[in-house]
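Colleague: whatever this is, show me its structure:
(3 chains)
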Amino acid sequence: MRDFIRSNFFPFKATYKTSDISNLLKSQVVSSSSINNFEIMDISSLSIIRNNSLVFFEKKIDDKNFSSKNVHIVSDIIDNKNFYENITIVKNLSDSYNKLLNEIYFHDDHIDMQDEFDFVDGSYLSKFAKIHSTSFIGKNCVISRGVEIGKNCIIKDNVTIKNSLIGEDVIICENSSIGTTGFGFNLNRRGSLYLNPQIGTVIIDDGVHIGSCCTIDRGKIDSTYIGKNSMIDNMVHIAHNVVIGNNACIAAQTGISGSVKIGDNATIGGQVGFAGHITIGENVVIAAKSGVTKNVKDNSVVAGFPATDIREWKKKIIRQRKNGH
Amino acid sequence: MRDFIRSNFFPFKATYKTSDISNLLKSQVVSSSSINNFEIMDISSLSIIRNNSLVFFEKKIDDKNFSSKNVHIVSDIIDNKNFYENITIVKNLSDSYNKLLNEIYFHDDHIDMQDEFDFVDGSYLSKFAKIHSTSFIGKNCVISRGVEIGKNCIIKDNVTIKNSLIGEDVIICENSSIGTTGFGFNLNRRGSLYLNPQIGTVIIDDGVHIGSCCTIDRGKIDSTYIGKNSMIDNMVHIAHNVVIGNNACIAAQTGISGSVKIGDNATIGGQVGFAGHITIGENVVIAAKSGVTKNVKDNSVVAGFPATDIREWKKKIIRQRKNGH
Amino acid sequence: MRDFIRSNFFPFKATYKTSDISNLLKSQVVSSSSINNFEIMDISSLSIIRNNSLVFFEKKIDDKNFSSKNVHIVSDIIDNKNFYENITIVKNLSDSYNKLLNEIYFHDDHIDMQDEFDFVDGSYLSKFAKIHSTSFIGKNCVISRGVEIGKNCIIKDNVTIKNSLIGEDVIICENSSIGTTGFGFNLNRRGSLYLNPQIGTVIIDDGVHIGSCCTIDRGKIDSTYIGKNSMIDNMVHIAHNVVIGNNACIAAQTGISGSVKIGDNATIGGQVGFAGHITIGENVVIAAKSGVTKNVKDNSVVAGFPATDIREWKKKIIRQRKNGH
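Modeller: Down below sits the predicted model:
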C-alpha cells in the first residue's frame, strides 16, 4: 500500500508544537509531561507510527516505535503516564481527539473546509488534485484536494472523489462516492458536532473496477485500501480502514464494516454483511446474503448468518426442511 | 417537530372550494353533502387535522377535531355519510385522492412541476429556498423550492434536497437524496400515472449527520422526521412518514419502511430491515441484519429475522449448531 | 420488448469483415473456417440471432437460426468446428470476446469512448440522444449517446442515463444510474482491463416509476427490461439481462442478479436478493428480506432464505420458537 502525505488532503490550520497541547485542550488535561517539545507534523494510529506525531490511546502498548520516533501520546488512562516520556493524560479521549484534530487540520466535516476548483469539461477538479492526462473524467464529477488519479482511469459521470489516491486503469462508475467520511464517533456522544474527525485516505490500486452508487469511506487516520484488479459491483459500501486484497470480487449491495481485512482472491456474493474488525483469509468464498461475524480462514467457503462452513449451512437447511414434515 | 407550510413546497394550481370537489371528481362521486363551503387551504392526514382541509379516509373515526375545524371528508365507505356533515362519498378513494391532489397542487411527480433556480458556486439553489449564510453547499447540488437550511450546515457534493426543512449543524454527505418521493400507490393500480401524490416534507433536526448515498423520502401528507443528533451511515433508506427520535445511530444499508416510529437513543446495526407501520421504543438496540417485523419495547436488545430478544436468538443459533452434530 | 440499433449506442471503430477475425485475434486462433465472408454488423447472444453477426459460445447448440442468417461463431470447443460452416476456434473464449469487442465497438469501459454533449438547463444531453419535447429533465443529469426518452417522462436531478430506451410517462428519481455497466467478467481473470465489454441496453417501458439511488445495468449483448407500469422503490439494483414483466412492485434495497426473469404482476418486498439466471412466474409475491435461490412458480407466495412457500416458512419460525422452550 502506498503511503500518503496527510496535509495534501487536510491542510494544517496553524503550526502547533506539543507544548501547545495543554493550552488547546484546556480543562480536558489531567496531567502532562514531555522530555522533548516538537512541531506536530502528523497523527499516528497504533498501526503506523509516524515521525513527529500525536497518538491517541486507551491502554498501554509495548511498542519500540514509540521510543524511536518523536511521538506524543494522548491518553485517558492515568497509569500510562508512568510508561511514556511524552504524554498528556486527559479526561475524555474522544473529546480530546476531536478538539485537537479540529484545531490542527481542515477537514470536510467542519464548516471551514478549504478547497478551490477549476471547472473542466463539466466537472469540478480541485486545483490541488493531480489527474493524469490520459485519464477520462465524466460530467458532474467533483475531484477534491489532494486526490491523485493515475494513467488510463475512467471516472464516469456524477462521481465524487475526495481524500483518495487512485492507481492506473481504475474505472469508477456513475454516482459513486469515494473517500467519504467514515461513521466514526463515540456512541455515548452522538451528533454531527461530535463526529471523530476522519483524516485518513482511500487508496485504490491498479486495475480496480468500482460499480455505480458505491461508497468507500476514507480511513480514520490511515487508509482504506482496495487491492489490484479487484472488482466491486454496484451499491457496495466499504467502511473506514477496510483493507481488501488483490483480485477481490464483491457482488452488489454488500457492506463491509470498519477495519475488516480481506485477503487476496476473495469471492463475495451480493448483500453480504461483515461485522467490524474481523479478518478474512485468502481465497475465501462467501455466499450471497451471508452475515460474517467472525474471522474466516484461508480457502474457506462460508454461507449463512452467522456465516459457517457452507456444507454445515446446507445440512442445516436440509435438517430444517425435514423437521417440517 | 416543526410544522411546515405546504404551499411553500407545493404551490396551489388554482383556488378551489369544497363545492368544487364534485366537479373535479365527476363520475367518481357517489354522494355529497356539506353544511359549509370553504376554500381548500390544506390536506390533512388522520394524525394531524389542519384547518380548511380535505381529509381522506376509509373508515369511521371518532375524533372531535373533525368538528372543531373546517374539514371536508372524502371517503369510499358509504356509511360514513351518516356521521359527518361535510363529506363526499366516492367510488375509489385512491383514484379520488390522486385526482384531487393533482388538481390542487404542483408536485414533482407531475410533468408541470414549478421551480426556478439560481446557479451559485456550482449548485442549483431554488429562488424559493432559504439557506442560512453560514451554511456550506458543495458542488452539483440541487436545493429545491421551499427548502430551508439552518445555521452551520454542511451539504456536500452532488446532494439533492427537496421538500425539506433542515435544522442547524446538519451534515449531509455526497450523493444523498433528501425529500424524494415516497413509494405510495394502490397495489391494485400500479404505474407512474397512478402514484399517490406525496405532498409532505422531511424535517431534519439539529446536529444530524447523514452519510453518502442515503435516501429520505418525504411524508405522504405529514413529515418524515429525523431527531436531534441522530447519526445515519451510508446507503440508509428512510421511507415516507418514518419518525426517528433523538440520538439514533443507524449503520449502513439499513432500510426503514413507511410510517415506522423509532424512539430516542436507538442503536441499529447495518443491513437491518423494518416492516412498515411498527413502533420501536426508546433505548432499543437492534443487531445488524435483523428483520424487525413487530413493535419493539423500550430498552430491548433484538436480533435475527424475525427479530427477537437477542438472548433467544443466540440460544437458537447454538441449538442449531448442536443439532448439526 | 423493443429492439435497438447497437451502433446508436456503441459506434463502430472500423469496418471489419469476418475474414479479419484471425488477424484481430492473432495467437488466440486455433483454427478457422468459413464459407462466406461478411461485414460484421452486430453481435448476437444465443437468445437473439442477428443478421451478419458474431456469436460466442462454449457448447454446441442446435438452432436453425444459425443457418438462416449470416452468423460467424467464435468458440473454445474444438469439436464445434465440425458442426458449423463459419467458425473460429479460439484458446480462450472470454479473452477473445474482449479482444474482438474492444476492436469493433466503442464502449464506456474503454478509455476511447465517444460522445458529445449539449449543456441544456443544467444537464448534459448527448447530441446523439433523442428526448421528446414534452419530457422534463432536472439538473445535473447526463443523458448519453443513443438514449431515447419518450413523451411526458420526468427525469429528476442528478440522474445518469446511458445505453437506454425509455418509453412514455416514465419517472426516474434522483441520483439513479440507468444503463450502467454490468458486472460481467471471467472470475479467473479479474480487473478492469479484463471486463467483458457490455454492449447491450436497458429498455424501460411506459409508465414505469424508478426511485432514487437505483442502478439498472444494461444487458451484456441484449437488453435489461422493465415492463409497463412497474414500480421500483429506492436503492434497487437490477443487474444485466434481467427481464421484469409488467406491473411489478419492488420495494427498497432489493437486488436482482444477472439474467433473472420475473413474470407480470410481481410484488417483491424490500432487501430481497435473487440468485442469477432464475425464473420467477407471474403473480408471485416475495416477502421482504427473502433470498430467492430457485425458480418460483406462477401465483406463489414465498419467504425466507432460501425462499420457500410462505406457509412453510411461518411453520419453521413457529417450530424454532417452540424448540426454544
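Colleague: for residue A:91, grab the count of nearby residues.
Modeller: Other residues within reach of residue A:91, judged by other CB atoms under 10 Å in any protein chain shown, total 12. Any C-beta I mention is one placed from the backbone N, CA and C, and that applies to glycine too.
Colleague: now for it: which residues touch it?
Modeller: The contact partners of residue A:91, by CB atoms under 8 Å, 6 or more residues apart in numbering or on different chains, come to A:27-28, A:30, A:76.
Colleague: and what of residue A:37?
Modeller: Per CB under 8 Å, 6+ apart, neighbours of residue A:37: A:17-19.
Colleague: contacting residues around the residue lying closest to residue A:135 once chain neighbours are set aside?
Modeller: Distance criterion CB to CB, 6 or more residues apart in numbering or on different chains; nearest residue to residue A:135, sequence neighbours excluded, is residue A:153 at 4.1 Å. For residue A:153, the contact set (CB under 8 Å, 6+ apart) comprises A:132, A:135-136, A:166-172.
Colleague: cutoff 7 Å now
Modeller: Residues in contact with residue A:153 (CB atoms under 7 Å, 6 or more residues apart in numbering or on different chains) are A:135, A:166, A:168-170.
Colleague: and the residue lying closest to residue A:79 once chain neighbours are set aside, how close does it get to chain C?
Modeller: Leaving aside its chain neighbours, residue A:79 sits nearest to residue A:60 (7.0 Å; criterion: CB to CB, 6+ apart). Distance, residue A:60 to chain C, by CB to the nearest CB, to the nearest Å: 43 Å.
Colleague: quick one: residue A:60 and residue A:80 touch, right?
Modeller: Yes: using CB atoms under 7 Å, residue A:60 is in contact with residue A:80, at 5.6 Å.
Colleague: so the two - more neighbours on which side?
Modeller: Neighbour comparison, residue A:60 and residue A:80: the larger count goes to residue A:80, with 19 against 14 (by other CB under 10 Å).
Colleague: secondary structure class of the more buried one, three-state.
Modeller: The three-state label given to residue A:80 by DSSP: H, G, I helix; E, B strand; the rest coil is helix.
Colleague: what pLDDT does the residue nearest to residue A:135 get?
Modeller: The per-residue pLDDT reported for residue A:153 equals 98.
Colleague: gap between it and residue B:305?
Modeller: As judged by CB to CB, to the nearest Å, residue A:153 and residue B:305 stand 40 Å apart.
Colleague: contacting residues for residue A:161?
Modeller: Counting by CB under 7 Å, 6+ apart, residue A:161 has contacts A:143-144, A:147, A:155, A:178-179.
Colleague: count of residues packed around the closest residue to it other than its chain neighbours?
Modeller: The shortest distance from residue A:161 to any non-neighbouring residue, by CB to CB, 6+ apart, is to residue A:178 (4.5 Å). Residues within reach of residue A:178, counting by other CB under 10 Å, total 30.
Colleague: can you find the helix or strand in chain A with the smallest mean pLDDT?
Modeller: When the helices and strands of chain A are scored by mean pLDDT, DSSP states H and E, helix A:65-68 comes last with a mean of 73.
Colleague: can I get that helix in PDB, CA atoms only?
Modeller: What follows is helix A:65-68, C-alpha atoms only, in PDB (Å, rounded to 0.1, in the frame of the first residue of the first chain):
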ATOM      1  CA  ASN A  65       8.400   2.500  17.700                       C
ATOM      2  CA  PHE A  66       7.300   4.900  20.400                       C
ATOM      3  CA  SER A  67      10.900   5.400  21.500                       C
ATOM      4  CA  SER A  68      12.500   5.600  18.100                       C
END
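Colleague: now the helix or strand following that helix: average pLDDT?
Modeller: Next helix or strand after helix A:65-68 toward the C-terminus (DSSP states H and E): strand A:71-75. Mean per-residue pLDDT for strand A:71-75: 95.
Colleague: before we move on, what about stretch A:180-200?
Modeller: For stretch A:180-200, the per-residue pLDDT averages 95.
Colleague: so which bits of it are buried?
Modeller: Using 16 or more other CB atoms under 10 Å in any protein chain shown as the test for burial, stretch A:180-200 gives A:180-185, A:189-200.
Colleague: of those, which belong to strands?
Modeller: residue A:180 (DSSP state E).
Colleague: which of the buried residues of stretch A:180-200 come close to chain B?
Modeller: Among those, the ones lying near chain B by CB under 7 Å from any CB of the partner chain are A:180-181, A:183, A:185, A:190-193, A:195.
Colleague: spell out which residues of the stretch 201-325 of chain A are next to chain C.
Modeller: A:207-209, A:211-213, A:229, A:231, A:233-235, A:247, A:249, A:251-253, A:267, A:270-271, A:288-289, A:317, A:320, A:323-324.
Colleague: how about the residues of chain A by chain B?
Modeller: Residues of chain A lying near chain B (CB under 7 Å from any CB): A:108-109, A:111, A:117, A:124, A:140, A:142, A:158, A:160, A:175, A:177, A:180-181, A:183, A:185, A:187, A:190-193, A:195, A:213, A:215, A:235, A:237, A:239, A:253, A:255, A:257, A:273, A:275, A:291, A:305-306, A:312, A:315-316, A:319.
Colleague: nearest to chain B: which residue in chain A?
Modeller: Closest contact between chain A and chain B, by CB to the nearest CB, is at residue A:191 (3.0 Å).
Colleague: contact partners for that residue?
Modeller: B:207, B:229.
Colleague: list the contacts of the nearest residue to residue A:31 once chain neighbours are set aside.
Modeller: Using CB to CB, 6+ apart and skipping residues adjacent in sequence, the residue nearest residue A:31 is residue A:89, 4.7 Å away. Residue A:89 sits next to A:30-31, A:75, A:78, A:80-81 when contact means CB under 7 Å, 6+ apart.
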